[in-house]
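Chemist: Next one to model:
(4 chains)
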There are 4 protein chains.
Amino acid sequence: MTTPISGVVPPLVIPTKNGALDVPSLEKHLNRMIDAGIHAIFVLGSSGEVVFSTSARRKEILENTVRIVAGRIPVMAGVIDTETERVIEHIRQAEEIGVDAVVATAPFYALQGEAEIYRHFRLLHEATELPIWAYDIPVCVHTKLSPNLLVTLAKEGVLAGVKDSSGDDVSFRWLAQANAEAGHPLQLLTGHEVVVDGAYMSGADGCVPGLGNVDPHGYMRMWNAYQAGDWETVRKEQDRLADLMRIVLVQGVQGFGAGIGAFKTALQLLGVFETNEMPKPVLPLEGENVAWVEHILQKTGLLCG
Amino acid sequence: MTTPISGVVPPLVIPTKNGALDVPSLEKHLNRMIDAGIHAIFVLGSSGEVVFSTSARRKEILENTVRIVAGRIPVMAGVIDTETERVIEHIRQAEEIGVDAVVATAPFYALQGEAEIYRHFRLLHEATELPIWAYDIPVCVHTKLSPNLLVTLAKEGVLAGVKDSSGDDVSFRWLAQANAEAGHPLQLLTGHEVVVDGAYMSGADGCVPGLGNVDPHGYMRMWNAYQAGDWETVRKEQDRLADLMRIVLVQGVQGFGAGIGAFKTALQLLGVFETNEMPKPVLPLEGENVAWVEHILQKTGLLCG
Amino acid sequence: MTTPISGVVPPLVIPTKNGALDVPSLEKHLNRMIDAGIHAIFVLGSSGEVVFSTSARRKEILENTVRIVAGRIPVMAGVIDTETERVIEHIRQAEEIGVDAVVATAPFYALQGEAEIYRHFRLLHEATELPIWAYDIPVCVHTKLSPNLLVTLAKEGVLAGVKDSSGDDVSFRWLAQANAEAGHPLQLLTGHEVVVDGAYMSGADGCVPGLGNVDPHGYMRMWNAYQAGDWETVRKEQDRLADLMRIVLVQGVQGFGAGIGAFKTALQLLGVFETNEMPKPVLPLEGENVAWVEHILQKTGLLCG
Amino acid sequence: MTTPISGVVPPLVIPTKNGALDVPSLEKHLNRMIDAGIHAIFVLGSSGEVVFSTSARRKEILENTVRIVAGRIPVMAGVIDTETERVIEHIRQAEEIGVDAVVATAPFYALQGEAEIYRHFRLLHEATELPIWAYDIPVCVHTKLSPNLLVTLAKEGVLAGVKDSSGDDVSFRWLAQANAEAGHPLQLLTGHEVVVDGAYMSGADGCVPGLGNVDPHGYMRMWNAYQAGDWETVRKEQDRLADLMRIVLVQGVQGFGAGIGAFKTALQLLGVFETNEMPKPVLPLEGENVAWVEHILQKTGLLCG
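Modeler: Got it, this is the predicted structure:
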């Protein structure tokens, strides 16, 4: 990797069939996004069922993704697990398969403080030559990575970038400013697909939009407008995508089941996925909730009414 | 009030001297902001020591503000208290003094749900003819006002606007969209002074920036650029203001003491306030922390080095 | 006050009729509890609608309580409000009416740290000669009072006791131990009516059970058994009271509306209160929920089937 | 297993040396506890470094424990991981090695609701014939298991017991009552070593005290007194153990590093462990913190001064 990763980097949503990885759908899905122009793919992220997948399944997903992508774009691999030694095992697997960067969260489950988080990332760095991205996702790991910690680790050569899913746009602004002052050692990608325009205002280097699985073209148009300084188009595209994001506002389901459930259902309705199966113990959307997703896809022009 | 309130609406920070309201400083401070062109003033907000002030002090602050403003701009008055009957008492006081709108939070301290919040705002509406704004500030009241609740209350004629200090920019985007679809019954102001540009991208009708007490001109330039569609200037002004906001990054103090403590110290250093006194039990900034605020004011050009 | 308060100290639940204080029911209710042998009464606590009541209503409640109690037992008065100056106003009112102790929480709404909490209690102490009790109720004020802070303030003569509604029995055990080591400067009362036996094991000096409004005799029997070292009776009485506490497990209502709603409904069913009215914006229990309360009262022998 | 597990069941703390499992210390440690009379051992719990250990290390710990225990007491094995399929892999490993029960938490990391938690435990039950215990530890998994859910799963034959580390003693009381009413399908063990006496008052079937690694005899004396109805001894032993638990009140370290760090340091000082090494990225206690642990061990009579 010589060029830092920037632009539109969707977190890959995983198609399955009867519980098995649905490789033909995966291929169709990756090619559709690459054809739309995405700049990289983030595989085994939170949206990519990483915590639902056994090590064998993680390997299968990673190998197939790398094979299908075939060097057309960089592949970032989530190496998400509870603590250092377990994360390093995932890094080894990613190294063997061959990826361009790894993405790790703060440790989780056991109660720890910032000193342990700092040491965690340093130990990962000692264990690999791959670029390491920090994944800031307090809603899952229940710790926020502070701008100060991130920029310190970047200056020490430990971190190459941040995927920010913190929901804290004030912190993100300050991170962007501290990063700029430090000479931009970090690539900063936002994970909040509904307010990417605000992150671009803050100087983000790109986005990791789960919704980009459903509408990669929309995120590409927004990125290109951002690069051209055409903010009215940035805003208009974001409004349209925020409208599309309402597919997740289903009834009686929450969290992962609602969000990824809606993405998978949309991809099935769009003919990309064969099923909208979800990993155990989550159930797929059905009935009225499928109709809701279809309604929004039609309203936003992705499906013909 | 015939025209809805929009634009730059600073939440008034309160000068005191030996514990008493410092009326000359208040006059200087209000006139400085009005001369800068602010569109309205929000008095007795969280930044305005509302929860630190007795009823008599609240009255004194409100009367002096209304007298000094003298109709030049609208006055919005916080009527913040724990539950309905107590809030209505504050509304009565605001009515007698004569304000243009009142601003109320969800009930707090006692544990309640959305049904009680809904009834709370309806009861306030039955008690007054003043326009009512909802103040969404979960960090203080520990309840988030959902876009759905807010738009419902707006359609019923209960709410005239929202001051959003929720820190949840995804929710704000959806609120803006739902409000637009409903015919824009609500005026939407963001309270997050560091990312106002993102809120403008989402379609905000203005901002309530605590930092606007220190630098009203900066927020006016950003607003005017927004109105002109000049997004590069919006962004540049926001970056400068985010840099200025670092005055709050003091050591050994947190929350209200750091934020309002820094604003008061800056206003003292700028010659607007006579003291940087804080309400009991909070202590004013001192020593290195005052030097830090001075350093940032110089760095951002508000004070000569 | 020469003897420290200990034993059973119910937090007074307030009867109203058409929104007004129902003085005859209040008299009946207080006399019933005093006749049962309770050691003191805590008026204007969280259960006592303190945050729902205007200053005038607080005064009315306090005056009537003091008049009815007529020196038979000590009266502790909640002086609960957001910050120091407002709390001191309530202390003045309590002093004028004449109570035996005041009970204050940590400041709430504005974000603060332990230094401000410490200063808050010291300032209250400087303002009054009444014994001050700390009310540890993080579920309402969102700050936990640490054992270290409480014992420090006790050694300095600032605090006379603690009403612990923290739900943190580990912390309570350590508080009890640190208090014992310091020579028992604090009286420690638990507010968790379902596990008073565990607090007695930890050495609590008594309890402040909301459910004691409904069944003061049960809590008196448990206290007397505790004093006699008869732990099997302590446990048996607690089990019975935990069973009775299920009156709060109503449907479709949460928090204050469920808990105090159930207590008021029980008192109405027992013929003590005339209504089960709740303060605005909360609605009283009705229909199936009233039937549920009745069912539990019958099951536990407080009402005849 | 024909007899349900009850009594004192310490969660095994793990000795290591230069990062490797220290088998001689493990043997010494297990034999010391078994000689003290403990009723079962819980291996690979939160205290047992489960989330810090790779699958290979988990296997090594489990195999050695089963070998050393050699059927003298039942072995319960933690199968803790993020989601269903990963947990089932750990169950398979536990089955092969041969344990008496497995212990699983609610799913964590991904956001889910009670429906998914219910399905999770049902799927685990379908996958194994081993008794399944639910591990209620919201501080780590950020979900509380409700008494209603637990008793429902018990009635359906899915759950055999609960290890309660919820810190919610009110909920535990209600769980104990609901379990008794259902015919006691669940064995209930508390994980809160400082207030085991309160849990015994609530009817707990035993405890899982981390501190039991350091002082198994104390917990045995408390258990035996409980069985004999000698509550004064229960209370006295608990007070002594609460005093001993202060070893965790070290400076500058929090959470796992403080708690398990203190247990390991105590075991090293007692001559049971060779080192007080901690798993990456956590550092062992040192300097003043080691001296503090030593001081408390002396004060409570476990070490000679």
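Chemist: ok, now which ones touch the residue of the stretch 201-305 of chain A found nearest chain D?
Modeler: Closest approach of the stretch 201-305 of chain A to chain D (CB to the nearest CB) occurs at A:G255, with a separation of 2.8 Å. Backbone N, C-alpha and C define where each C-beta goes, glycine included. Contact analysis of A:G255 by CB atoms under 8 Å, 6 or more residues apart in numbering or on different chains lists D:A110, D:L111, D:Q112, D:G113.
Chemist: Could you rerun that using 6 Å?
Modeler: By CB atoms under 6 Å, 6 or more residues apart in numbering or on different chains, the contact list for A:G255 reads D:L111, D:Q112.
Chemist: Give me the pLDDT for it.
Modeler: For A:G255, the model assigns a pLDDT of 94.
Chemist: any idea how far it is from B:V9?
Modeler: A:G255 sits 36 Å away from B:V9, taking CB to CB, to the nearest Å as the criterion.
Chemist: try A:L186
Modeler: Distance from A:L186 to B:V9, counting by CB to CB: 35 Å.
Chemist: and A:Q112, what pLDDT?
Modeler: On the pLDDT scale, A:Q112 is placed at 89.
Chemist: For it, which three-state class applies?
Modeler: Following DSSP: H, G, I helix; E, B strand; the rest coil, we place A:Q112 in the coil state.
Chemist: what's the nearest residue to it if we skip its chain neighbours?
Modeler: Spatial nearest neighbour of A:Q112, chain neighbours left out: D:G255 (5.4 Å); criterion: CB to CB, 6 or more residues apart in numbering or on different chains.
Chemist: and if you look at A:Y118?
Modeler: Leaving aside its sequence neighbours, A:Y118 sits nearest to A:L149 (CB to CB, 6+ apart; 6.3 Å).
Chemist: Pretty sure the one you found sits in a helix.
Modeler: Yes. According to three-state DSSP, A:L149 belongs to a helix.
Chemist: What count of nearby residues applies to it?
Modeler: For A:L149, the tally of surrounding residues (other CB atoms under 10 Å in any protein chain shown) stands at 18.
Chemist: Tell me how far it lies from A:S171.
Modeler: Taking CB to CB as the measure, A:L149 falls 11 Å from A:S171.
Chemist: residues making contact with stretch A:282-297?
Modeler: Against stretch A:282-297 from outside (CB under 6 Å, 6+ apart): A:246-247, A:250, A:257, A:261-262, A:265-266, A:269, A:276-278, A:303, D:116.
Chemist: repeat for stretch A:108-116
Modeler: A:T82, A:V141, D:V51, D:C140, D:Q254, D:G255, D:F256, D:P281, D:V282.
Chemist: how about the nearest residue to A:G78, chain neighbours excluded?
Modeler: Among residues not flanking A:G78 along the chain, A:L44 sits closest, at 3.6 Å (CB to CB, 6+ apart).
Chemist: For that neighbour, give me its contacts.
Modeler: Counting by CB under 6 Å, 6+ apart, A:L44 has contacts A:V50, A:A77, A:G78.
Chemist: Kindly recompute the last result at 8 Å.
Modeler: A:L12, A:V50, A:S53, A:R58, A:I61, A:L62, A:A77, A:G78, A:V79, A:I80.
Chemist: And for the last one, the neighbour number?
Modeler: The number of residues packed near A:I80 is 26, by other CB under 10 Å.
Chemist: Give me the neighbour count for the nearest residue to it once chain neighbours are set aside.
Modeler: Excluding the flanking residues, the one nearest A:I80 by CB to CB, 6+ apart is A:V50, at 4.9 Å. Taking other CB under 10 Å as the criterion, the count of residues near A:V50 is 27.
Chemist: cool, A:V99 as well?
Modeler: Neighbours around A:V99, by other CB under 10 Å: 27.
Chemist: Over to the one 4 residues further on?
Modeler: Per other CB under 10 Å, the neighbour tally for A:V103 reads 28.
Chemist: quick one: contacts for the residue of the stretch 151-300 of chain A at minimum distance from chain C?
Modeler: Nearest to chain C, among the residues of the stretch 151-300 of chain A, is A:V170, at 14.2 Å (CB to the nearest CB). Going by CB under 8 Å, 6+ apart, A:V170 touches B:G167, B:H192, B:V194, B:V195.
Chemist: List phi and psi for it.
Modeler: phi -70, psi -50 (degrees, to the nearest 10).
Chemist: Contacts only, for A:G261.
Modeler: Residues in contact with A:G261 (CB under 8 Å, 6+ apart) are A:V250, A:V253, A:N276, A:M278, A:V282, A:P284, A:L285, A:N289.
Chemist: List the residue ranges of chain A that fall below the pLDDT cut-off.
Modeler: Low-confidence segments of chain A (pLDDT under 70): A:1-2.
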